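>>> can you look at this prediction? I've put the sequence above it.
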Amino acid sequence: MNRKVILELPNQQKIIPNAVIGELRIRVRKVSPNKKLFEALTVLEENNLPLPRFDLLDKLIVNEDGSRNDKVCNALQSEYGISDLWTGPIFAHEKPNTKIESIIYREYPNGAKRRIITLEDIRGEANLIQAYPKDKLLIPGKHFTYKMKNGVLEFEFDQQDLIAHELPVEDGKYPDGYWPTNKLTGLPDPNGKGPQRKAYFWNYDSAISAVFRWLGDNYDGVSLYSYYSPRGVLEIAQDA
């Protein structure tokens, strides 16, 4: 059975047999030490590599029954020295109950600033999240533009590549908790048909970032907050 995960380590490989479901062979490589988002995107662009795909990471760290794949998660943590990592999609949402304009802007508590050009079709709407589909390659500098301009990290996508859908809102905030997910983005959607995930939000504010995923207790969750810390930068590829 071609069901193995191959960890590319300095001067060697570590092969984990029967680690994934189905006829899959997945290779994983650490591209750099942990990086903040702009630095991580720059490293990936320099190596012509995509952000790891949300759905491909699921195949690595989540078992078919929804439990944590301890064999793989523990190996990723120990071999690469990471507890979490950056993945696609790139997403953005405005504050709860705030109409979306041509630009979403956010200044984070540590002073980091970000802005993103929004999808024309959703301007004037509220409580929507805009994202690049989770199951496509997302190579920085190739499939979207990003730049640091006057201290602001700015994103822009081809409009045809963007998807928007609803976010859950309760009592004027985006609530942490388990929500169905959108099949195209993997992100929380009260009308979603994808698997239930624990979502962690900037409850009362806007957000612009890539998703990050944990390898520990919250492996099955999706974090839409806390985006100014360094995270793991991995290449995850599925061999034919």
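Cool, the structure landed. Residues are numbered from 1 along each chain as shown.
>>> which one is the spatially most central residue of the chain nearest to, not counting chain neighbours?
Geometric centre of the chain, nearest residue: residue 211, 2.6 Å, by Cα atoms, centre = their mean. In this structure, residue 211 finds its nearest non-sequential neighbour in residue 87, 5.1 Å apart by Cβ to Cβ, 6 or more residues apart in numbering. Just so you know, the C-beta spots here come from the backbone N, C-alpha and C atoms, and that holds for glycine as well.
>>> that neighbour contacts residue 53, correct?
Yes - using Cβ atoms under 8 Å, residue 87 is in contact with residue 53, at 7.0 Å.
>>> more neighbours: which of the two?
Under the criterion of other Cβ atoms under 10 Å, the comparison of residue 87 against residue 53 puts residue 87 first, with 27 against 22.
>>> from residue 223, how far off is the more buried one?
Residue 87 is 10 Å from residue 223, where distance means Cβ to Cβ, to the nearest Å.
>>> any shared contact partners between these two?
Counting by Cβ atoms under 8 Å, 6 or more residues apart in numbering, the shared contacts of residue 87 and residue 223 are 211-213.
>>> coming back round to it: average model confidence for the strand or helix carrying the residue nearest to the centre of the chain?
For residue 211, the host element (DSSP states H and E) is strand 207-214. Strand 207-214 carries an average pLDDT of 94.
>>> which strands and helices lie in contact with the next helix or strand after it?
The C-terminal neighbour of strand 207-214 among helices and strands, as given by DSSP H and E, is strand 222-224. Under the contact criterion of 3 or more Cβ pairs under 8 Å, 6 or more residues apart in numbering; DSSP states H and E, strand 222-224 touches strand 84-93, strand 197-201, strand 207-214.
>>> enumerate every residue touching the residue nearest to the centre of the chain.
By Cβ under 8 Å, 6+ apart, residue 211 lies in contact with 54, 86-89, 91, 186-187, 222-224.
>>> distance of it from residue 10?
Noted for residue 211: a distance of 28 Å to residue 10, by Cβ to Cβ.
>>> same question, residue 220
Separation of residue 220 from residue 10 (Cβ to Cβ): 30 Å.
>>> neighbour count winner among the two?
Under the criterion of other Cβ under 10 Å, the comparison of residue 220 against residue 10 puts residue 220 first, with 18 against 5.
>>> what distance do you get for that one to residue 83?
15 Å.
>>> now do residue 68
Computed as Cβ to Cβ, the residue 68 to residue 83 distance reads 13 Å.
>>> so which of the helices and strands packed on strand 222-224 is the most packed in?
Highest mean neighbour count of these: strand 84-93, a mean of 25 (counted as mean count of other Cβ atoms under 10 Å).
>>> for the following helix or strand past that strand, packing partners?
With elements assigned by DSSP H and E, the helix or strand that comes after strand 84-93 is strand 103-107. Applying 3+ Cβ pairs under 8 Å, 6+ apart, we find strand 103-107 packed against strand 113-117, strand 207-214.
>>> and the angle from the shortest one to strand 84-93?
Computed with axes from the mean of the first three to the mean of the last three Cα atoms, to 10 degrees, the direction of strand 113-117 lies at 60 degrees from that of strand 84-93.
>>> parallel or antiparallel, which strands does strand 113-117 pair with?
Strand 113-117 has the following strand partners under DSSP bridges: strand 103-107 (antiparallel), strand 152-156 (parallel).
>>> what score does residue 238 have for pLDDT?
89.
>>> which residues does it bridge with?
Beta bridges link residue 238 to residue 26, judged by DSSP bridges.
>>> let me see the contact set for it.
Taking Cβ under 8 Å, 6+ apart as the test, what residue 238 contacts is 24-27, 56, 59.
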